[in-house]
Structure formats: structure tokens, C-alpha cells
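In: Fold the following.
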Amino acid sequence: MKSLYILFSIFLAGCWSAQTFQRNVAESKEDFAKRIKPVQNAEIQGEVLEVQQWNTLSNPVFAFYEYSEKGIEKGKSNGLNYSYVDGYLLIPTGNNRYKKIFIDTYAEEGATAYVESVFFANADHDADKELGILCSWDQSMHYGISGKIYQVYFYDFPKSSDKVSQLKPLSVNGFDMEFDGTNDSGERSVAKFNTAAKIKAELKRLGF
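Out: Numbers count the residues shown, from 1 in each chain. Got it, this is the predicted structure:
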């Protein structure tokens, strides 16, 4: 059910991404991102990140929105709320206007997703640096469990901002979902890739 919802969310986000938005003079990146939020009950999660350069893009903005929706099963609401985090890339197109490109939806995994880190690194064999997004899910609210789940996602650089409606996700071997903490049996697990620095080091070891 969640997969169907995410696909529908991606479709809607693709529709949003065809639009451009005017950033007001002297408007902060936080106020701008908040004003153009994708759904009414969305709240900005974490920092709105404006970077100097990502490959050939100058001053792109990254914003992540947390919101909840009632789940749908067999075409009807099941009455349960599920949390989601949607990521967007805002690309300057001139005259203080920005094109909004959908990145991805991060669904809950026993807790709401939290974007721990946004970074750039080579994750394939072209010259461009890819976008890396590290997410975590706090499992400490579950009885007998203490710790977080981690997962890193990689996305290809948009070759044409005029045509791309969402970034292309990349699969890189060795970066599976990991648990860092203690489970309900008292067993301790340590995640190998729970920081951007560790992930970048592994990508270099893999030859990227």
C-alpha cells in the first residue's frame, strides 16, 4: 500500500516540478521554501541548504518537507496516518526565478524519516558528482530497542533542467539499510555508513 502511495506522490511531485517560482527580493531561503511548500500540511524538515555550486549548477537550493497523509487501501482510506518526507531541488533560472525539481519521497520505517546529510560525491563513472542523501529512522520509541536505521540514496545530476521532472536514483552496491543500536534481544549492531564522511570514503575505495 505504501509503495502505491509513494508512486502517486511521485507523479504529483512531477507535476509540481514543471513549475517555476519567483523568489522575492531579500527573501531568505527558508521563507522561500516555506512559501512554495508542495502540500498544505507540510513543514520544512531540517536546514534549507543553498550551495554555491553543484557541477554546472550555481546556487541550487535543497529543501525537505515533512507531512502526513491517511493511508489508502483498496481505494479507500484506512484511517491511519503515515508520515512522509519529500525532497526538492530548486534551480535558479534567472531573474530570481527557480525551477522546482522533485528528488524523492522517503516513507516511514517505524518512524518518520529524517534527512541527516546532503552531500556530493562521485557515485558512478562519469565526471559529474552525484547527490547523496543520508536518511535515518529513530527506532527508540519501540519497546526494548534503542538506535536508528540508516540508508543512503544516490541521485544522478540532471543533464537538462528544462526536461527533468525528478532526479534519477542510482543504486550503488554495498550501501544497504543498516541498524545502529541495540535490538529487543540485547544484541548490538553498528552501522558502517552512518555519516557522509564514511560514505564518501567507501565510494573512493570502490573506485568512484
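In: Show me the residue sitting in the middle of the chain in space.
Out: With distances taken as C-alpha atoms, centre = their mean, the residue of the chain nearest its centroid is residue 87 (4.4 Å).
In: what's the host helix or strand of it packed up against?
Out: Secondary structure from DSSP states H and E places residue 87 in strand 76-94. Helices and strands touching strand 76-94, by 3 or more C-beta pairs under 8 Å, 6 or more residues apart in numbering; DSSP states H and E, are helix 2-17, strand 61-73, strand 97-107, strand 114-121, strand 130-138. Using the backbone N, CA and C atoms, a C-beta is placed for each residue, glycine as well.
In: and the ones you listed as CSV, adding distance to residue 38?
Out: Output for these, formatted as CSV (distance: least, C-beta to C-beta, whole Å):
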stretch, distance to residue 38
helix 2-17, 6
strand 61-73, 6
strand 97-107, 8
strand 114-121, 15
strand 130-138, 17
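In: Select, out of the ones you listed, the one closest to residue 178.
Out: Shortest distance between residue 178 and the helices and strands packed on strand 76-94, using C-beta to C-beta, is found for strand 130-138: 9.9 Å.
In: what's the angle from the closest one to strand 114-121?
Out: Here strand 130-138 points in a direction 160 degrees away from that of strand 114-121 (axes from the mean of the first three to the mean of the last three C-alpha atoms, to 10 degrees).
In: Show me what counts as buried in the helix or strand following strand 130-138.
Out: Counting by DSSP H and E, the element after strand 130-138 in chain order, helix or strand, is strand 146-155. Neighbour-count burial for strand 146-155, counted by 16 or more other C-beta atoms under 10 Å, picks out 147, 148, 149, 150, 151, 152, 153, 154, 155.
In: which of those lies closest to residue 197?
Out: Distances from residue 197 to those, taken by C-beta to C-beta, are shortest for residue 152, at 12.0 Å.
In: Now do the contacts for residue 140.
Out: Each residue near residue 140 by C-beta atoms under 8 Å, 6 or more residues apart in numbering is listed here: 146, 147, 148, 181.
In: before we move on, the earlier item: burial of the nearest residue to the residue nearest to the centre of the chain once chain neighbours are set aside, as a residue count?
Out: Of all residues not flanking residue 87 in the chain, residue 103 sits nearest, at 3.7 Å (C-beta to C-beta, 6 or more residues apart in numbering). By the criterion of other C-beta atoms under 10 Å, residue 103 has 22 neighbours.
In: next one: residue 167
Out: With other C-beta under 10 Å as criterion, residue 167 counts 23.
In: That one touches residue 91, doesn't it?
Out: No: in this structure, residue 167 is not within contact of residue 91 by C-beta atoms under 8 Å, at 11.1 Å.
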